[in-house]
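**Student:** how would this look folded up:
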Amino acid sequence: MKQNINDIFFGGIYKEIWRKLIPKGLTEAEVDFIEDICNLEKGNHVLDLMCGYGRHTLELANRGYKVTALDNSSDYIAEINGKVKDGGLSIECREADVANTVFERSFDAAICMGNSFAFFDEEAALQLLKNLSAALPVGAIFIINTWTIGEIAIKYFQERTWINVEGGYKYLTENKYLFNPTRIEAESFIVSPGGTTLEVINGIDYIFTISELQTLLKKGGFELREVFSTPRKRKFVLGDAKAYIVAERV
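**Tutor:** Numbers count the residues shown, from 1 in each chain. Modelled structure (predicted):
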């Protein structure tokens with residue numbers, strides 16, 4: 001099994017920086033979208049792949065759904081488990097190699113949010129989809145949230161980006177757009193309020209066009225049904241900066 005460089009991306013300081021980059025109200029709006037698109041009923045079981053610190057997992061559980069949450073970060077899983085004990089929520093979460101996890105039960109819907117699907121190259125993504133399709137009934141919905149499909153990445157690619165983060169931190173990224181496979185390789189620097197580089201992290205986002213993703217989904221047992229640009233169900237058009245991809249298990 002080859003190691004994914006993104007397995008350690010959310011370690012260290014960036015794990016906390018990521019929280020500060022999520023706009024207020026986004027999680028609630030996205031869970032509204034998930035409920036609607038997946039036709040969820042209270043008590044349904046949702047699979048949250050690459051769950052991170054659990055913003056969707058916890059919101060879904062608080063709304064009365066059962067959630068299984070997987071991530072490759074032991075710190076994130078420990079954090080969610082602590083909240084489960086405190087709140088008595090119906091959540092099972094565990095550290096896992098998400099792309100190669102074979103599921104022992106079925107789910108009513110599945111999600112992979114926060115651009116996490118881009119962490120997997122074609123081989124790993126296809127394996128993930130095949131394992132997932134075996135755990136979903138025909139007609140179940142799988143939602144992918146991304147901002148690095150080809151139609152977005154080409155338009156918005158910048159060799160250097162600089163973000164000011166709450167607390168006085170700066171997040172500088174140097175990007176390379178590469179091919180075969182198409183991907184963006186990034187080296188990121190987290191700089192303290194005093195100007196000291198606290199952490200340097202490397203990551204890769206693999207780029208698929210909508211057409212390529214449609215083919216990949218089909219090979220994995222899914223049909224692409226819709227692509228939206230916002231959780232308010234605005235249809236995706238060229239120039240939009242985010243995508244919510246809705247696939248149906250067939």
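
**Student:** Identify the residues contacting residue 230.
**Tutor:** 242, 244 (C-beta atoms under 8 Å, 6 or more residues apart in numbering). Using the backbone N, CA and C atoms, a C-beta is placed for each residue, glycine as well.

**Student:** Return the distance of it relative to residue 21.
**Tutor:** According to C-beta to C-beta, to the nearest Å, residue 230 stands 17 Å off from residue 21.

**Student:** One more: residue 82?
**Tutor:** 23 Å.

**Student:** next one: residue 85
**Tutor:** As judged by C-beta to C-beta, residue 85 and residue 21 stand 27 Å apart.

**Student:** for residue 138, same thing?
**Tutor:** Distance from residue 138 to residue 21, by C-beta to C-beta: 37 Å.

**Student:** same thing with residue 216?
**Tutor:** Note on residue 216: its distance to residue 21, by C-beta to C-beta, is 27 Å.

**Student:** now the helix ranked longest in the chain: how far from the chain's centre is it?
**Tutor:** Of all segments of type helix in the chain, defined using DSSP state H, the longest is helix 74-87. How far helix 74-87 lies from its chain's middle: 19 Å, per C-alpha atoms, centre = their mean, to the nearest Å.

**Student:** Touching that helix from outside, list them.
**Tutor:** 10-11, 15, 51-54, 57-58, 61-62, 69, 71, 89, 91, 93-95.

**Student:** List the buried residues for it?
**Tutor:** 76-77, 79-81, 83-84 (16 or more other C-beta atoms under 10 Å).

**Student:** shaky segments in the protein?
**Tutor:** Within the chain, the ranges that satisfy pLDDT under 70 run 1-12.

**Student:** same thing but at 80, please
**Tutor:** 1-21, 85-88 (pLDDT under 80).

**Student:** all helices of it, in order?
**Tutor:** Going by DSSP H, the chain shows helices at 14-20, 26-37, 55-62, 74-87, 122-133, 150-156, 210-219.

**Student:** Tell me, how many residues neighbour residue 249?
**Tutor:** 22 (other C-beta atoms under 10 Å).

**Student:** pretty sure it is touching residue 134, no?
**Tutor:** No: judged on C-beta atoms under 8 Å, residue 249 makes no contact with residue 134 at a distance of 9.6 Å.
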